[in-house]
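Colleague: Give me a 3D structure for the following:
(chains A, B and C)
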Amino acid sequence: MASISSNSTYNLNGGLWVRRAAAVPGNQCQHLVPKQSLLSQTFSVSTHAKRFFPIEESTRRIPRMNTDRCCAFGVEKTSSFSVGEKFQLDDVIEAQQFDRDTLNAIFEVAREMEKIEKNSPGSQILRGYLMATLFYEPSTRTRLSFESAMKRLGGEVLTTENAREFSSAAKGETLEDTIRTVEGYSDIIVMRHFESGAARRAAATASIPIINAGDGPGQHPTQALLDVYTIQREIGKLDGIKVGLVGDLANGRTVRSLAYLLSKYQDVKIYFVAPDVVKMKDDIKDYLTSKGVEWEESTDLMEVASKCDVVYQTRIQKERFGERIDLYEEARGKYIVDLDVLGMMQRHAIVMHPLPRLDEITVDVDMDPRAAYFRQAKNGLYIRMALLKLLLLGW
Amino acid sequence: MASISSNSTYNLNGGLWVRRAAAVPGNQCQHLVPKQSLLSQTFSVSTHAKRFFPIEESTRRIPRMNTDRCCAFGVEKTSSFSVGEKFQLDDVIEAQQFDRDTLNAIFEVAREMEKIEKNSPGSQILRGYLMATLFYEPSTRTRLSFESAMKRLGGEVLTTENAREFSSAAKGETLEDTIRTVEGYSDIIVMRHFESGAARRAAATASIPIINAGDGPGQHPTQALLDVYTIQREIGKLDGIKVGLVGDLANGRTVRSLAYLLSKYQDVKIYFVAPDVVKMKDDIKDYLTSKGVEWEESTDLMEVASKCDVVYQTRIQKERFGERIDLYEEARGKYIVDLDVLGMMQRHAIVMHPLPRLDEITVDVDMDPRAAYFRQAKNGLYIRMALLKLLLLGW
Amino acid sequence: MASISSNSTYNLNGGLWVRRAAAVPGNQCQHLVPKQSLLSQTFSVSTHAKRFFPIEESTRRIPRMNTDRCCAFGVEKTSSFSVGEKFQLDDVIEAQQFDRDTLNAIFEVAREMEKIEKNSPGSQILRGYLMATLFYEPSTRTRLSFESAMKRLGGEVLTTENAREFSSAAKGETLEDTIRTVEGYSDIIVMRHFESGAARRAAATASIPIINAGDGPGQHPTQALLDVYTIQREIGKLDGIKVGLVGDLANGRTVRSLAYLLSKYQDVKIYFVAPDVVKMKDDIKDYLTSKGVEWEESTDLMEVASKCDVVYQTRIQKERFGERIDLYEEARGKYIVDLDVLGMMQRHAIVMHPLPRLDEITVDVDMDPRAAYFRQAKNGLYIRMALLKLLLLGW
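Modeller: Alright, predicted model coming up:
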């Protein structure tokens, strides 16, 4: 999405918009006021002013009647608005876009979202906004999470659960053409695709924000963000943590992205615990080394569990083994998180898992407060609420 | 869903909640005031207070600005609320949950819903609530009915039309894990599943209400409720009625549930009219006998039609006959409700059918005011509106 | 949908409705006031008064409490409303329904919708209305366009992307029965079907408006409308224009409908440029001749391009050629709109295409301001917003 520079006073939508003076990263929310709450009015921002958002206003707004041209359509009019700081990203395509400060700031917004979701399901800050979920391969969990996030903020959703089969893609339309059409119907596109790089191509075309909800073996940045957010929420810090990555480390984009993001923090130690056939690949190991992140490989899950703040278990993906079912069976049974492993873990430590889970974590673990995987899934909601808010309204 | 006991004053969501003094079953609505209408504000109840709902308030609310932490999110704040009587059910899993008083009370709410739907499509009492329709087998009719019910009350919906094929279930995730994830995204789950007992398992797991929209050969309780509601609406009473159940009585869970529910009323007489291969099974006959419900089997549809208040026709389900198409063809043609049968029926009597209908009721019957099946389908909307309201807001 | 005559004062929904005095076609909007904007209240019209809409009111409305029967349901009440002019059509089934005056009047409303969509995504004029998209064959583009239109106006949507496979149609239910059920759940049905004439049958059954979103080889009237609207928006006139129809003129219902509608305007000249195997059929040629519309066939796309105001390119549909892939390949390569063709076109002229596009327009054409096809797709949104507004609220 192309940028709009904002450095002065604007008159948009019949309302006054002024740029917010000084936004301190990590402190962005401080001066913002929920204008919508006054008289329960909804204020929607023009498509051309997606980056701006209302702040303090001096007087109670009296909605103005527009009796001239736009008659009979019940337009809800704004009066005087001010411009805030735009989000530094136009799209969310890959984990590499996020630096440490941005991550922390997003996590603060996610915390606010957590409160909103718990206390007031009726938030309406994205009322009037339309999100299109353009899923070229089905992923009910991810789709529902994004759609819930949008609706929890009062926004609306256009859904395509199976764009690949049903859409004009089947007739040979390019992704670019589809995006150009769908951007005409919506304000933001959440896209899942089977091809690596598809989200980037979509973002290059679209004039509205694109969120990558997974593109093939490529990226799934919101999953990476929710993982880091979960560690920060549960452990209380990211610097100095010890993380054990367990299971399929070769194919799981989740653990690869997580390893990447953890390298942004200080004194992190990572343990790789994987069956031989699905060991962590050299590119990530080399990257961690180059960033000064300590890592080691281990075959002793019990010992790793006793040392770590986070045991991040993953599913061995059967589909990767083709006809070698024997190898799959051997791999999947090798490192199971059960009550014995849990017994080795420290009191403050947690078990994470990107879900769905088969039997690589036994169900008796679920009852333990250290089983964080369902809270982790829920954190996905808060992270997605935060990103939708930031991309559509700014800080 | 676990219960919350409510017997005092609460301070929730920054608002005061007090328990409603004396709720008389069947009279529950009397003292409730549509708070939402004032200034068109929306009040949403915390997830942790799903059982409570607002009643009378003394003063005009002035929305309070929360300039502190929850800034810039447009939270619509409540001020002073009171607590009502919670609905006696946490979930709707099977017809057996409903006693006669509860049925009558639900029917009263359904009548109110009927008025709301007819007079003011813009009801917003469930605004801010999110219903997930988790359908493991497709049922467009039932899904649309629930989704319409939710939206007619201002609520929002997350849809999965084909959870079996698309969801992580395909990867081997348990129902329990799926429920734990989806309950994080929504406030109530409407579930259809191919396995008997699935809804009960979901309810045992979920901390939010579950509504069973059919689980395999098991239960479809909202269908049973709408059937009884239709009889009560159309005939004006349930005690003393005569009902002819016609068609596939062996496989139709509809007629089985209906027979069960009718046993709760006085002096009911039931006639079974079915081809030999799909006769009513002994378990229901024995149950009726044990409850003192008079029943008899008949092969004379004309005579039964002349005696009954309700002729409840059902579809012979081809899929039950496997390769014995000959048996199917014989069975399906045996008892047709046509103008001749209609001619035998009393003036006040009605024809019902759970739909879809093939040719077991001829289309010329549709024009007769006694053809109640499309009104019956519509009643499903009112019953579902009532249940959603009761499970989410209480009486 | 059956008509309601409106010629006096009504008392509906507890509010007063009076018929709007004199509505001049093409001038319809002039005296209408966005009542909804006042205090951000939403007013919903009774199902039985779909044709009416609010106009001028004298005083600020104070919402009235209804403490009597409809309690606890948060009904948003109207106070005093007036009746407007009903839309002259009950349903939108085929392009032939629209005369020139109606078209112009719809286009005026579409222009208003354009402003609404650009300036205030939060319009709520259709709040409380429910649109069912009943798609018996998938068409993601068309479905999203309609759903976006509904949601941009504050309305809600019930979606069935694959009604053919999933619905009770699979069990043998007639279209009429399905419509009778779905009309109970919604206020308007947008239907796509694989059989010509299906929309007309649905409209004959339904008591709510039906919009045909394409029925097999039959009609796709909203596409025809958006095409004409695009010409009028881009060229500024319809009388006297020259249009080149290019590509598959035999099978494309788009170009056939467009030719039909263009015949309603004065001094139109149409050029047909098609490979031999997919030439325009005689019925349309004869029709144009009978209406006095000048037309000619040409094989010289360059020359036609130089003369026309509009070059309307279409996709050669591979599926029409069966096993004769050679014929398809020959046909598809014959008339390509590329930079050379564009170079021949006049400055004010435009290139249109119903999309999806394969390579019959080269992508380098996209950058040229005369490439109107994505704007054309967007116009579909405005046309559909206008039709939904007109069918549900009237002029």
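
Colleague: helix/strand/coil for the residue of the stretch 251-395 of chain A found nearest chain B?
Modeller: Chain B sits closest to A:Pro356 of the stretch 251-395 of chain A, with a gap of 3.5 Å, by CB to the nearest CB. For glycine as for every other residue, the C-beta is placed from the backbone atoms N, C-alpha and C. Here A:Pro356 is recorded as coil under DSSP: H, G, I helix; E, B strand; the rest coil.

Colleague: would you list every one of the strands in chain A?
Modeller: Assigned by DSSP state E, the strands in chain A fall at A:9-12, A:15-18, A:130-135, A:156-160, A:188-193, A:210-215, A:242-246, A:269-273, A:294-297, A:310-313, A:350-352.

Colleague: in the stretch 51-200 of chain A, which ranges drop under the pLDDT threshold?
Modeller: A:51-84, A:120-121, A:165-170 (pLDDT under 70).

Colleague: got the residues of it near chain B?
Modeller: With CB under 8 Å from any CB of the partner chain as the criterion, the stretch 51-200 of chain A meets chain B at residues A:53, A:55, A:84, A:112-113, A:115-125, A:138-141, A:144-145, A:147-148, A:151-154, A:159, A:161-162.

Colleague: from those residues, which ones fall inside helices?
Modeller: The members of these that map onto helices under DSSP state H are A:112-113, A:115-119, A:140-141, A:144-145, A:147-148, A:151-152.

Colleague: How about the closest residue to A:Lys285 other than its chain neighbours: which residues does it bridge to?
Modeller: With sequence-adjacent residues excluded and distances taken as CB to CB, 6 or more residues apart in numbering or on different chains, A:Lys285 is closest to A:Trp295, at 6.5 Å. Residues in a beta bridge with A:Trp295, per DSSP bridges, are A:Ile270.

Colleague: Near A:Trp295, how many other residues are there?
Modeller: A:Trp295 is flanked by 19 other residues according to other CB atoms under 10 Å in any protein chain shown.

Colleague: Quick one, which of the ones in helices among the residues of the stretch 51-200 of chain A next to chain B are buried?
Modeller: Among these, those classed as buried by neighbour count (16 or more other CB atoms under 10 Å in any protein chain shown) are A:112-113, A:116-117, A:119, A:140-141, A:144-145, A:147-148, A:151-152.

Colleague: Turn these into a markdown table, including distance to chain C.
Modeller: Supplementary listing: those in a markdown table, determined by distance: CB to the nearest CB, whole Å:
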| residue | distance to chain C |
| --- | --- |
| A:Glu112 | 22 |
| A:Met113 | 21 |
| A:Ile116 | 19 |
| A:Glu117 | 22 |
| A:Asn119 | 20 |
| A:Thr140 | 14 |
| A:Arg141 | 19 |
| A:Leu144 | 15 |
| A:Ser145 | 19 |
| A:Glu147 | 12 |
| A:Ser148 | 17 |
| A:Lys151 | 12 |
| A:Arg152 | 17 |
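
Colleague: Among those, find me the one that's closest to A:Gly247.
Modeller: Of all those, the one with the least separation from A:Gly247 (CB to CB) is A:Arg141, at 18.2 Å.

Colleague: quick one: that closest one and B:Pro369, what's the gap?
Modeller: Per CB to CB, to the nearest Å, A:Arg141 is found 48 Å from B:Pro369.

Colleague: which stretches of chain A form helices?
Modeller: Using DSSP H, the helices found in chain A span residues A:100-119, A:140-152, A:163-166, A:175-182, A:198-205, A:221-235, A:253-262, A:282-290, A:301-307, A:325-332, A:339-344, A:373-393.

Colleague: Next, the angle helix B:175-182 makes with the last one.
Modeller: For the pair helix A:373-393 and helix B:175-182, the angle between their directions (axes from the mean of the first three to the mean of the last three CA atoms, to 10 degrees) equals 30 degrees.

Colleague: counting contacts, what elements does helix A:373-393 pack onto?
Modeller: If you count contacts as 3 or more CB pairs under 8 Å, 6 or more residues apart in numbering or on different chains; DSSP states H and E, helix A:373-393 packs onto helix A:100-119, helix A:140-152, strand A:188-193, strand A:210-215, helix A:221-235, strand A:350-352, helix B:175-182.

Colleague: would TSV of the buried ones among the ones in helices among the residues of the stretch 51-200 of chain A next to chain B with distance to C:Tyr185 be doable?
Modeller: Putting these into TSV (distance: CB to CB, whole Å) gives the following:
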residue	distance to C:Tyr185
A:Glu112	37
A:Met113	33
A:Ile116	31
A:Glu117	29
A:Asn119	32
A:Thr140	24
A:Arg141	28
A:Leu144	22
A:Ser145	27
A:Glu147	21
A:Ser148	23
A:Lys151	20
A:Arg152	25
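
Colleague: ok, A:Pro209 to chain B distance?
Modeller: Counting by CB to the nearest CB, to the nearest Å, the separation of A:Pro209 from chain B is 18 Å.

Colleague: what's the pLDDT at that residue?
Modeller: On pLDDT, A:Pro209 comes in at 98.

Colleague: Excluding residues flanking it in the chain, which one is nearest it?
Modeller: Per CB to CB, 6+ apart, closest to A:Pro209 is A:Leu391, 4.2 Å.

Colleague: A:Val190 is in contact with the one you found, correct?
Modeller: No - using CB atoms under 8 Å, A:Leu391 makes no contact with A:Val190, being 10.3 Å away.

Colleague: Name the residues of the stretch 151-300 of chain A found near chain C, please.
Modeller: So the stretch 151-300 of chain A meets chain C at A:156, A:158-163, A:165-168, A:171-174, A:176-178, A:180-182, A:184-187 (CB under 8 Å from any CB).

Colleague: Please consider this matter closed, and thank you.
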